[in-house]
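Student: Requesting a structural model of the entry that follows:
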Amino acid sequence: MTVATVVVQQFSGVTPDKDTVTTPRLSTMDDDAPGTANPIRIPDADLVYSFWMTLHLTITNIQDATLLNNHEFYCDEGTDAWTLGTGGGVVIGIRDTGDNGVPVASYDQATGTVGTTGDDMGDGVDGHAYYLGQSPTDAEISDYVTGARLTVDSGDHTIAEGFKGIVVQAVVDDDATRGAQAASTLTFVYDEI
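Tutor: As a prediction, the model looks like this:
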């Protein structure tokens, strides 16, 4: 049996653009490959945010599989080592009930001021539309580890298409430590029949 071909795509832009990524990077711009342009700066006071990042597992070829389902997410412990300050951290969008992932059709472009700060995805006016009204709208990404995964999409997928995706954002406080943070591994798992 030939297994399905699945890639991680970052959605960005209005349309959106759906680009396959292997090392996504948070920044203060809506771009799948920002490089070191528009880094997240440490504020003089209060908090600044990266532009939120939307990542979807996408089936590009179903091959011999009958269906793929039970999509879950977890990360390594690397983000616990990030020194983003007292109120800082890396957060992921969550829902009150059901799957936590955002459907492809509910994509919401990241907004903010390029080079300065993104909008807080939990903000009641400028936040991510799919997570507004949830309580809370997000959780620390480091809460989800191998033994405690986040359910992203429990639905059955029988054709080449995108799973529901995750939305992540960095929050930086004024007492953050300067410099690049260590790489962190984001892991997506699913069942294939």
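Student: so who does residue 176 touch?
Tutor: Counting by Cβ atoms under 8 Å, 6 or more residues apart in numbering, residue 176 makes contact with 42, 83-85, 88. Bear in mind the C-beta positions are built from the backbone N, C-alpha and C, glycine included.
Student: Give me the spatial nearest neighbour of it, chain neighbours excluded.
Tutor: Among residues not flanking residue 176 along the chain, residue 85 sits closest, at 3.8 Å (Cβ to Cβ, 6 or more residues apart in numbering).
Student: and what of residue 57?
Tutor: Per Cβ to Cβ, 6+ apart, closest to residue 57 is residue 163, 4.4 Å.
Student: how far away is that neighbour from residue 149?
Tutor: To residue 149, residue 163 is 14 Å away according to Cβ to Cβ, to the nearest Å.
Student: In terms of neighbours, single out the busier of those two.
Tutor: residue 163 (23 against 17; other Cβ atoms under 10 Å).
Student: So that one sits against residue 190, correct?
Tutor: Yes - using Cβ atoms under 8 Å, residue 163 is in contact with residue 190, at 7.2 Å.
Student: which residues are common contacts for those two?
Tutor: Common neighbours of residue 163 and residue 190 are listed as 57, 68, 71 (criterion: Cβ under 8 Å, 6+ apart).
Student: The last one is in contact with residue 190, isn't it?
Tutor: Yes - the pair residue 71 and residue 190 qualifies as a contact (Cβ under 8 Å) at a distance of 4.5 Å.
Student: Overlap in contacts, the two.
Tutor: 57, 163.
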